[in-house]
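Asks: Next comes the sequence, and after it the predicted model I'd like to discuss.
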Amino acid sequence: MRKRTHSWLLLSALLTGTAGAADAPGPPVAVHLTPVATGLTAPIGVAAPADGSGRLFILDSAPGQGRIRVVDAAGKLLVAPYYVRAVSGGPRSEQGLLGLAFDPGFARNGTLYLTYTAAPGGAQLGAAPDQVLVRLRASHPAANVFAGSEQEVLRLPDYAWNHNGGGIAFGPDNYLYWGMGDGGRGGDPHGFAQDLWHKTVDGKRYHLLGKMLRLDVRTPTAAAAANQCGAGAGQPAQYSIPHDNPFAGAGDKCGEIWLYGLRNPWRWSFDRQTHDLVIGDVGQNAWEEIDFRAHGSTAGRDYGWRRCEGRHHYDPAGAGTDCPATTGTVAPVIELAHGPACSITGGYVYRGPVAALRGKYLYSDYCDGRIRIATPGASAWSHVMLDGTPTRNVSSFGEDTDGNVYVADMGTRTVYRFDGATAPAQAVPADQGAARSPDPP
């Protein structure tokens with residue numbers, strides 16, 4: 001099937017994330033967004049296995065159901081889904097099938113991991129549907145329809161239906177990282193994102209919300225230590241805590257925690273070249289932010305929520321606090337004031353075949369659908385926007401084994417690939433009517 005290609009010049013200047021001064025536009029760069037999968041229901045994730053197959057796997061959300069769809073090496077979206085699961089919620093609800101990560105040895109062992117919000121009807125650990133991490137083992141890794149075994153790795157309580165995060169990925173250390181939202185409702189009312197231990201609310205015990213978790217999912221635990229919060233002291237678990245996690249040996253802090261102080265880490269990634277971690281964290285009333293952790297820097301850091309929203313004070317208990325100067329928190333490298341933008345979608349540092357994009361960070365916002373291209377710097381990052389893209393409600397980005405970056409858009413029900421151009425083509429205007437974020441206060 002022929003793919004229609006949309007082209008733009010990278011022309012629009014945006015304000016820097018922190019300084020407030022306008023960036024000067026760089027030389028025009030012709031960029032194409034090539035549709036690779038159309039007619040989806042509500043694409044919410046994109047991933048590719050390192051198995052040489054050239055396949056692309058898409059998380060597609062439907063009411064009460066999550067599906068994984070496959071685009072084969074010939075660029076065809078296969079009719080039969082790879083995998084289907086009953087879940088809570090549906091399109092644009094922040095619930096459902098939320099994360100997909102392939103084990104680095106998938107070609108050999110057929111193992112992949114999923115996160116989702118549990119379907120209604122069963123017992124819940126918290127006030128809202130549980131967040132669940134499962135391990136799938138495909139009997140035939142090359143097959144385009146899953147057949148094999150499934151095993152629950154970790155089930156966590158949740159406080160409300162929203163702010164689930166749910167993104168997962170294997171880091172350069174081959175540990176699995178899992179981004180958790182703060183549990184939902186406005187303003188993190190119980191301070192979950194800052195709490196490093198168990199907290200009981202309305203008789204239910206919560207932990208690990210508002211964090212980035214780091215797990216060894218290849219090594220089970222026979223009897224969990226007291227601070228293996230997802231398992232319970234003395235209980236067996238299908239994962240273990242890496243020995244170099246910042247709170248691995250602490251008696252009163254959950255060992256799974258890698259970073260904390262996150263509101264809703266909606267899409268994050270590792271730079272495949274530098275191994276740096278870049279996180280899109282959805283804001284509350286005024287500011288969206290991109291957070292950064294350099295590879296090899298201190299883990300266990302506080303990224304500010306709910307004391308700070310972006311670089312600005314939020315928590316009423318700390319009136320007058322200057323974030324991050326007097327809080328010891330990590331400042332974002334980019335912040336966006338609310339307006340057309342209201343729900344950030346983190347992306348990837350581009351390392352693919354388009355030379356003009358290499359080393360640039362690609363990201364967006366669900367509400368305005370604009371594609372942003374940032375240039376990493378020492379502290380604040382400068383950024384520009386693509387004009388006239390067809391994207392309306394960008395829900396996620398993905399990367400394949402060649403470094404190509406993909407963008408999933410719920411507004412057009414399409415997944416696109418960033419491609420280069422030998423000559424500028426006519427811009428295709430987009431419907432920029434800003435649908436509201438799926439992330440309410």
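Replies: Thanks, I have it.

Asks: pLDDT score for Pro438?
Replies: Looking at Pro438, its pLDDT reads 48.

Asks: Ignoring the adjacent residues along the chain, who's closest to the residue most central in space within the chain?
Replies: Note on the chain: the residue nearest the mean C-alpha position is Arg267, at 1.8 Å, using Cα atoms, centre = their mean. Spatially, and ignoring its direct neighbours in sequence, Arg267 is nearest to Gly346 (3.9 Å; Cβ to Cβ, 6 or more residues apart in numbering). For every residue, glycine as well, the C-beta is placed using N, CA and C.

Asks: Help me confirm that the one you found comes into contact with Gly280.
Replies: Yes. Between Gly346 and Gly280 there is a contact under Cβ atoms under 8 Å: 2.4 Å.

Asks: Which residue, other than its chain neighbours, is closest to Glu150?
Replies: Closest to Glu150 by Cβ to Cβ, 6+ apart is Leu136, at 5.3 Å.

Asks: One more: Trp266?
Replies: Leaving aside its chain neighbours, Trp266 sits nearest to Val282 (5.0 Å; criterion: Cβ to Cβ, 6+ apart).

Asks: now swap in Asp103 and tell me
Replies: On the basis of Cβ to Cβ, 6+ apart, the spatially nearest residue to Asp103 that is not a chain neighbour turns out to be Thr111, at 3.9 Å.

Asks: Likewise for His207?
Replies: With Cβ to Cβ, 6+ apart, the residue lying closest to His207 is Cys229, at 4.4 Å.

Asks: ok, now which ones touch the one you found?
Replies: Counting by Cβ atoms under 8 Å, 6 or more residues apart in numbering, Cys229 touches Trp197, His198, His207, Leu208, Cys254, Gly255, Glu256.

Asks: can you pick the most crowded of those?
Replies: Most neighbours among the contacts of Cys229, by other Cβ atoms under 10 Å: Glu256, with 28 neighbours.

Asks: Would you mind putting the CA coordinates of stretch 263-282 into PDB?
Replies: C-alpha atoms of stretch 263-282 as PDB (Å, rounded to 0.1, in the frame of the first residue of the first chain):
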ATOM      1  CA  ARG A 263       3.100  13.400  39.000                       C
ATOM      2  CA  ASN A 264       2.300  11.300  35.900                       C
ATOM      3  CA  PRO A 265       5.400  10.200  33.900                       C
ATOM      4  CA  TRP A 266       3.600  10.000  30.500                       C
ATOM      5  CA  ARG A 267       6.200   8.500  28.200                       C
ATOM      6  CA  TRP A 268       9.900   8.500  28.900                       C
ATOM      7  CA  SER A 269      12.900   6.800  27.300                       C
ATOM      8  CA  PHE A 270      16.600   6.100  27.400                       C
ATOM      9  CA  ASP A 271      18.900   7.700  24.800                       C
ATOM     10  CA  ARG A 272      20.200   4.600  23.000                       C
ATOM     11  CA  GLN A 273      23.600   6.300  22.500                       C
ATOM     12  CA  THR A 274      24.300   8.100  25.900                       C
ATOM     13  CA  HIS A 275      21.900   6.000  28.100                       C
ATOM     14  CA  ASP A 276      20.500   9.200  29.600                       C
ATOM     15  CA  LEU A 277      16.900   9.000  30.900                       C
ATOM     16  CA  VAL A 278      14.400  11.700  29.700                       C
ATOM     17  CA  ILE A 279      10.900  11.800  31.200                       C
ATOM     18  CA  GLY A 280       7.800  13.700  30.200                       C
ATOM     19  CA  ASP A 281       5.900  14.500  33.400                       C
ATOM     20  CA  VAL A 282       2.300  15.900  33.100                       C
END
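
Asks: so how far is Asn404 from Trp258?
Replies: For Trp258, the distance to Asn404 equals 28 Å [Cβ to Cβ, to the nearest Å].

Asks: Repeat that for Gly369.
Replies: 21 Å.

Asks: what does Leu176 give?
Replies: Note on Leu176: its distance to Asn404, by Cβ to Cβ, is 23 Å.

Asks: what's the answer for Leu196, then?
Replies: Separation of Leu196 from Asn404 (Cβ to Cβ): 38 Å.

Asks: and Val132, helix, strand or coil?
Replies: Secondary structure state of Val132, per DSSP: H, G, I helix; E, B strand; the rest coil, is strand.

Asks: whoops, I mixed them up, Ala224
Replies: Once three-state DSSP is applied, Ala224 turns out coil.

Asks: Check Leu156 too.
Replies: Reduced to three states with three-state DSSP, the structure at Leu156 is strand.

Asks: Please report how far the residue nearest to it when sequence neighbours are not counted lies from Ile68.
Replies: Closest residue in space to Leu156, ignoring its immediate chain neighbours: Gln131 at 4.8 Å, by Cβ to Cβ, 6+ apart. Remark: distance between Gln131 and Ile68 (Cβ to Cβ) = 18 Å.

Asks: Compare neighbour counts for these two and give me the winner.
Replies: Using other Cβ under 10 Å, the more surrounded residue of Gln131 and Ile68 is Gln131, with 28 against 22.

Asks: Just list whatever residues bridge to that one.
Replies: Applying DSSP bridges to Gln131 gives these bridge partners: Thr117, Leu156.

Asks: For it, give me its contacts.
Replies: Thr115, Tyr116, Thr117, Ala118, Arg155, Leu156, Asp158, Asn164, Gly166, Met180.

Asks: and the residues you listed, which two are the farthest apart?
Replies: Spanning the widest gap among the contacts of Gln131 are Ala118 and Met180, at 14.9 Å by Cβ to Cβ.

Asks: So these two - more neighbours on which side?
Replies: Met180 (29 against 21).

Asks: What average pLDDT does stretch 247-266 get?
Replies: Averaged across stretch 247-266, the pLDDT comes to 96.

Asks: Repeat that for stretch 109-128.
Replies: Mean per-residue pLDDT for stretch 109-128: 95.

Asks: what's the spacing between that stretch and its chain's center?
Replies: Taking Cα atoms, centre = their mean, to the nearest Å, one finds stretch 109-128 lying 17 Å from the centre of the chain it belongs to.
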